[in-house]
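Asks: Sharing a model that was predicted from the sequence below.
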Amino acid sequence: MTAVHVVVPDGIDDPGRPSGGNAYDRRVCRGLAAIGWSVHEHSVQGSWPWPDAAARADLTGVIAHMPDGAVVLIDGLIASSVPQVLVPEAGRLSLVVLVHMPLGEAVPDARTEERAVLSAAVAVVTTSTWTRRWLLDRYTLSPARVHVAEPGVDAAEIARGTATGGELLCVAAVTPGKGHDVLLAALAAIMDQSWRCVCVGTLTLDPGFVERLGRQARDGGIADRVRFAGPRTGADLDVAYAAADALVLATRAETYGMVVTEALARGLPVVATTVGGVPEALGRGADGSRPGLLVPPGDREALAAALRCWLSDTVLRQRFRKVARERRVTLPGWSATAVQISRILAEVS
C-alpha cells in the first residue's frame, strides 16, 4: 500500500456533535490503517461548508504542504465550497472527494462551486447509489470516476422489544432537516395509542428550533411522553437502541441513513421517510419485503397512519421484526467499506 492524506473537519470525534459523516470518516481512517495504508489525518478549523477567511486559509496551508503526487481523500463538507483552494492544486495532487451529502442538493446556488471541485477530482466517493445517481444527473462527471462505498455497521445484540411495541426511538440531530416537528405532529395525532418516544441527538445546532419543539410538544399534550435526551454515543447509544421497539426517522433529506442500519443491526424495524438513500439503507428481507414502513417526507398524516399501524397490529409487528432480523445478517461491516475505498485510492495513486 501507500500513503493517503485524509482531510476532515475539526471535531469529528466530539461526542457532543456526533454525526453519520463524522463516524464514517473516523471508521474509514481506522480501516485504511488496518489494511496497510499510511494514513495522515489533517483536521481543518472552521464552520464547514461555509468557511470564513481563517478557515479557508487553514485549508490552503494544509493543502500547500502536501507533497506532489500525494493521494488526498477530502471530506465533501470541506471540499464542495472551496474550488478556489482545491482546483489549482488538482494538477499536482490526486484529489478524491468523499461526498456524504451533496452541497448542491441542499443549496442549489452552491452547485457551480461543487461541480468545479468534483470535476477537478480524480475520483468521487459517495455513500449511496442514490447520491451517485444525483451527482451524475446534475454534474458533467465521468461515471467511471464516481464510486459508492456504502457505510458499514457494527454487529450488535438483538433488541428484545416489548409486547406493545410502544417504545419508539428517534436518532438524529435536532434540526429542521431531520423533521422532528413532523414527528411530534404525528405522535400528537395518535395519543389514543400506548407509546413513548425518546429523541437522541445534538440539541445545540439550532436552539430556536429545539425551543419551538418544546412548545409544540406541550401544546400537543405529549410533553410527558416525548423526551429529548441529547447526544448519545458508544455504550449510551447502545442502551437506547436496546430499550427500543422501533426506530422512527422523519427526516426531510438523507443520503443514506446510517441510523437505519444501526437499528437493523439490532433487529429493530424502522418507520422512516422515502428520501434519498433511506430505502437503500432499509433494504429488504429474504422474501423481498421491507423491515418497516416508508412514508413521504413532511407528511404528518402518513407518518401518523404508519405509526398507528405499527402500534395497533401485533401480527404486523411480528412480521417486521422477522424481516429486520433477516436484513440484519446482510448488512456490511466497516471493513468492507475500508476495502472499497482502498481499491479506489489504489487506482488513483
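Replies: Thanks, I have it.

Asks: Hmm, residue 241 is touching residue 263, no?
Replies: Yes: with contact defined as C-beta atoms under 8 Å, residue 241 counts as touching residue 263 (6.6 Å). For the C-beta atoms, the positions are set from N, CA and C on the backbone; glycine is no exception.

Asks: ok, these two, which is more surrounded?
Replies: residue 263 (31 against 22; other C-beta atoms under 10 Å).

Asks: SS state for that one?
Replies: Following DSSP: H, G, I helix; E, B strand; the rest coil, we place residue 263 in the helix state.

Asks: check contacts around residue 210.
Replies: Residue 210 sits next to 174, 203, 228 when contact means C-beta atoms under 8 Å, 6 or more residues apart in numbering.

Asks: Please read the previous query as pertaining to residue 21.
Replies: 75, 77, 100, 101.

Asks: let's see 7 Å
Replies: By C-beta atoms under 7 Å, 6 or more residues apart in numbering, residue 21 lies in contact with 77, 100.

Asks: Am I right that it is in a helix?
Replies: Yes: counting by three-state DSSP, one finds residue 21 located in a helix.

Asks: Distance check, it against residue 48.
Replies: 10 Å (C-beta to C-beta, to the nearest Å).

Asks: Can you work out which residues contact both of the two?
Replies: Common neighbours of residue 21 and residue 48 (C-beta under 7 Å, 6+ apart) are residue 77.

Asks: So which residues of the stretch 101-250 of the chain form helices?
Replies: Secondary structure of the stretch 101-250 of the chain (DSSP state H, counting those that start in this stretch): helices at 103-106, 111-120, 129-138, 180-188, 207-219, 234-242.

Asks: Sort out which residues of the first one are buried, please.
Replies: The one in question is helix 103-106. If you call a residue buried by 16 or more other C-beta atoms under 10 Å, then helix 103-106 has these buried ones: 103, 104, 105.

Asks: In this structure residue 290 contacts residue 284, no?
Replies: Yes: using C-beta atoms under 7 Å, residue 290 is in contact with residue 284, at 6.0 Å.

Asks: Going by how many neighbours each has, rank those two and give me the top one.
Replies: Shown here are residue 290 and residue 284; by other C-beta under 10 Å, residue 290 has more neighbours (18 against 14).

Asks: which ones are touching the more buried one?
Replies: When contacts are counted by C-beta under 7 Å, 6+ apart, residue 290 touches 282, 284, 323.

Asks: I'd say the first one and residue 260 touch.
Replies: Yes: distance between residue 282 and residue 260: 5.6 Å, which falls inside the contact criterion (C-beta under 7 Å).

Asks: so which of the helices of the stretch 101-250 of the chain comes closest to residue 3?
Replies: Residue 3 lies closest to helix 111-120 among the helices of the stretch 101-250 of the chain, at 20.9 Å (C-beta to C-beta).

Asks: Mind putting the contacts of residue 210 into a markdown table with neighbour count and pLDDT?
Replies: Converted to a markdown table, those look like this (neighbours: other C-beta atoms under 10 Å; pLDDT from 0 to 100):
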| residue | neighbour count | pLDDT |
| --- | --- | --- |
| 174 | 22 | 97 |
| 203 | 18 | 96 |
| 228 | 17 | 97 |
